[in-house]
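A.B. asks: heads up, no residue letters with this:
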């Protein structure tokens, strides 16, 4: 395991996420951390090359956090950037290509064929990562997009449902309990929040986000069904 590369990539991605040119804010960094974590879990489960999927996890969104104009094709540009970055570490050429293929095929919205178990691990990890970063989705809905309580609720729930549906059949079985528990927690929190809003309690937007973000501790403490 090239721990030197993994540690260096974590530092580099963190620094790129901190820059003003990253239009997604630091929430994107925590999304990437969740992808790496879930990619590692799935690599163990599916007997994939753990090093490859973890490196691909760190680099899968490198293009979009570096230059927002690359977002629509960030899976393509990201693969090219990954090659240049990994060559600097004298990383194995065959493994660089494996990393590139993982990055190219990770986007659920593009739905490219997965030709290796490593590609499947990264794509599934990207999809399920939203369940580990629910507060970022809430922040996106209510702060960045300024949605009302109902529109924001439907946006977050819809995003999570679509993410679950993008998983491979085997990963759906693996994460089914976690998906159901997260949706139950959200339903409870949205119900509490709606009551507060309808009662015209004087919440400002930041207070509402703090209330909604209590889901973080509950979600992250949930065990994954084995």
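C.D. replies: Arrived safely, thanks for sending. Please read all numbers here as calculations on a predicted model, not as lab measurements.
A.B. asks: what domains does the record give for the chain?
C.D. replies: According to automatic domain parsing, the chain comprises the domains 3-130, 136-220.
A.B. asks: Distance of the residue nearest to residue 107 when sequence neighbours are not counted relative to residue 15?
C.D. replies: The shortest distance from residue 107 to any residue other than its chain neighbours is 4.9 Å, reached at residue 75 (CB to CB, 6 or more residues apart in numbering). C-beta: built from backbone N, CA, C; applies to glycine. Computed with CB to CB, to the nearest Å, the distance linking residue 75 and residue 15 is 22 Å.
A.B. asks: Between these two, tell me which one has more neighbours.
C.D. replies: Shown here are residue 75 and residue 15; by other CB atoms under 10 Å, residue 75 has more neighbours (22 against 11).
A.B. asks: Go ahead and report the secondary structure state at that one.
C.D. replies: Taking DSSP: H, G, I helix; E, B strand; the rest coil as the rule, one finds residue 75 in the helix state.
A.B. asks: I figured it was touching residue 101, is that so?
C.D. replies: No: contact status for residue 75 versus residue 101: not in contact, 10.5 Å apart, counting by CB atoms under 8 Å.
A.B. asks: any idea which helix or strand carries residue 170?
C.D. replies: helix 169-198 (DSSP states H and E).
A.B. asks: can you pull the buried residues of that helix?
C.D. replies: For helix 169-198, the buried set under the neighbour-count rule, 16 or more other CB atoms under 10 Å, comprises 171-172, 174-175, 178-179, 181-182, 185-186, 189-190, 193, 196.
A.B. asks: Return the member of the residues you listed nearest to residue 117.
C.D. replies: Each of the buried residues of helix 169-198 was checked against residue 117 using CB to CB; the closest is residue 171, at 11.4 Å.
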